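Novice: Just the structure for this:
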Amino acid sequence: MKWRRNLRLSIRALAASKLRTLLSAAGVAVGISSVVVLLGAGAGAERAVQESLEQLGHNLLVINPSRIESSALRGEGAEGTTLRVEDWRALSRDVAGVLRTAPVVERPLLAQWGGDAVSVRVLGTTEAFARARNFSVAAGRFLDSHDEAQRSRVAVVGPVVVESLFRGESPIGEVVTINGVPFRIIGVTRKKGVYDGGNEDELVLIPVTTAMRRLVNVDYLTRIYVQTVSEEVSDGVQASIAAALRERHAIPANRPDDFHILDQEATIRARRRAGGSLSRYVPWLSALALVLGGVGLLAVSLMSVRERYAEIGLRLAVGALPRDVLAQFLIEALLVSSLGGFVGILVGSCGIFIGAALTRWPMELRADAVFYPLALSVGLAIAFGVVPAFRAARLDPIEALKSH
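Specialist: Take a look at the predicted model:
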């Protein structure tokens with residue numbers, strides 16, 4: 001069949017000019033590899049944002065007390081004490097659009113078991129914390145309302161605590177001492193990793209009532225988590241929370257809030273938009289690299305046509321149709337571009353894995369980072385190979401042979 005003959009002729013022609021073929025393929029490979037790396041970086045960044053949302057919890061507002069300034073010149077301050085248990089209960093009861101709330105009393109303390117000790121972050125909270133913050137248990141159970149009501153000395157520990165104190169063995173039922181107070185371990189959380197500079201796996205979770213009365217002896221909260229019923233109502237809920245807390249704290253109209261509310265998901269969306277604004281410029285660099293590769297393919301193909309006038313004229317003189325010559329040169333462009341595409345995908349994939357290993361930037365190789373560049377390489381062959389192919393097909397055989 002003609003296409004098979006054209007394929008054989010194209011392969012022979014490319015094999016006869018190895019250096020020119022490799023240079024053309026290298027130009028395409030540079031552009032394709034840059035596309036692969038950029039797609040991998042973008043996919044990794046998107047995955048990192050999604051993981052942040054999964055770690056944090058959806059539609060979550062965080063209420064923190066304002067710090068008490070102790071040195072206006074140096075900006076030093078102590079922990080605020082304006083959030084109370086009554087505030088938490090009032091928000092749960094009175095603010096529309098709230099799905100659940102979770103109070104938190106947090107302290108860095110020392111946990112001891114046997115002869116070992118490890119620094120941990122102790123969080124006094126309630127059973128709502130698990131759902132609000134997307135925590136789940138790998139073994140045992142989480143805190144419940146009975147633990148809170150009875151001020152039980154029970155604890156749910158993170159994987160890092162298990163590894164540090166119990167060498168990975170099951171700690172369920174063991175008694176760990178925190179700040180001189182014994183706690184019976186009832187559960188182990190699943191691994192979550194690091195978020196916002198803190199390791200979520202080194203937590204020790206205890207009932208909030210136990211933390212406030214039996215462990216640290218305070219009457220105020222470190223923060224309150226508020227999960228809204230949907231993202232659409234978050235702004236309205238935030239305004240209602242602010243109004244409710246100002247009224248409860250009897251803050252005059254001319255005074256600032258003694259608390260601040262952080263919309264965690266809005267912060268993450270802002271990070272995503274910031275990353276998107278930067279990434280918008282990157283595809284243009286990729287497109288530039290692809291165009292340069294395509295121009296190189298075009299130049300080499302035109303040179304090939306010029307150097308092979310006699311061959312083209314001879315084929316046309318012995319009966320080959322212009323479309324056969326057109327097909328041959330298009331096939332050559334496709335072969336060169338496909339070779340460059342495969343090499344570019346291989347180099348770009350290696351660049352993704354190396355970049356992910358050597359830097360903190362998240363990178364991910366996805367299927368579209370392979371098929372999309374491969375389709376681009378075929379598009380390059382058609383876009384930049386069609387001009388030389390038409391030029392070869394329109395040659396007059398007598399003039400071509402004369403030029404030789």
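Novice: immediately after the helix or strand where L99 lies, which helix or strand?
Specialist: Using DSSP states H and E, the secondary-structure element containing L99 is strand 98-113. Next along the chain after strand 98-113, taking DSSP H and E as the criterion, comes strand 116-125.
Novice: List the neighbouring strands of that next one plus their orientation.
Specialist: In the sheet, strand 116-125 lines up against strand 98-113 (antiparallel), strand 203-207 (parallel) (DSSP bridges).
Novice: Out of those strands, which is the most enclosed?
Specialist: Mean neighbour count (mean count of other Cβ atoms under 10 Å) peaks for strand 203-207 among the strands paired with strand 116-125, with a mean of 26. Just so you know, the C-beta spots here come from the backbone N, C-alpha and C atoms, and that holds for glycine as well.
Novice: ok, then the element right after that strand?
Specialist: Where DSSP H and E defines the elements, the next helix or strand beyond strand 203-207 is helix 208-210.
Novice: how about the helices of the chain, start to end?
Specialist: Assigned helices in the chain, in chain order: 2-16, 18-56, 85-94, 128-132, 145-149, 159-166, 208-210, 234-248, 264-279, 282-307, 309-317, 322-358, 368-393, 397-403 (criterion: DSSP state H).
Novice: Need the pLDDT of E54.
Specialist: The predicted structure scores E54 at 60 on the pLDDT scale.
Novice: With the one 4 residues further on instead?
Specialist: In the prediction, the pLDDT value recorded for H58 is 76.
Novice: That one and S33, how far apart?
Specialist: Using Cβ to Cβ, to the nearest Å, we find H58 at a distance of 37 Å from S33.
Novice: With neighbour numbers in mind, choose between the two.
Specialist: For H58 and S33, the more surrounded residue by other Cβ atoms under 10 Å is S33, and the numbers stand at 26 against 15.
Novice: Return the residues in contact with the more buried one.
Specialist: S33 sits next to V343, G344, I345, V347, G348, G351 when contact means Cβ atoms under 8 Å, 6 or more residues apart in numbering.
Novice: give the contact list for the fifth one.
Specialist: Neighbouring residues of G348 by Cβ under 8 Å, 6+ apart: I32, S33, S34, V35, V36, V37, G40, A369, P373.
Novice: Now it. Nearest residue, chain neighbours left out?
Specialist: Take G348 and drop its neighbours on the chain: the residue closest to it by Cβ to Cβ, 6 or more residues apart in numbering is V36, 2.6 Å away.
Novice: just to revisit the earlier point, which stretch among the strands paired with strand 116-125 comes nearest V300?
Specialist: Nearest of these to V300, taken as Cβ to Cβ: strand 203-207 at 61.3 Å.
Novice: what's the closest one in contact with?
Specialist: Residues outside strand 203-207 that contact it (Cβ under 8 Å, 6+ apart) are 109, 111, 120-126, 129, 135, 142-143, 147-148, 151-158, 161, 176, 178, 183, 189, 215.
Novice: sorry, back to before: what would the strands paired with strand 116-125 look like in JSON lines with distance to S234 and mean pLDDT?
Specialist: Conversion of the strands paired with strand 116-125 to JSON lines gives the following (distance: least, Cβ to Cβ, whole Å; pLDDT from 0 to 100):
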{"stretch": "strand 98-113", "distance to S234": "10", "mean pLDDT": "94"}
{"stretch": "strand 203-207", "distance to S234": "25", "mean pLDDT": "96"}
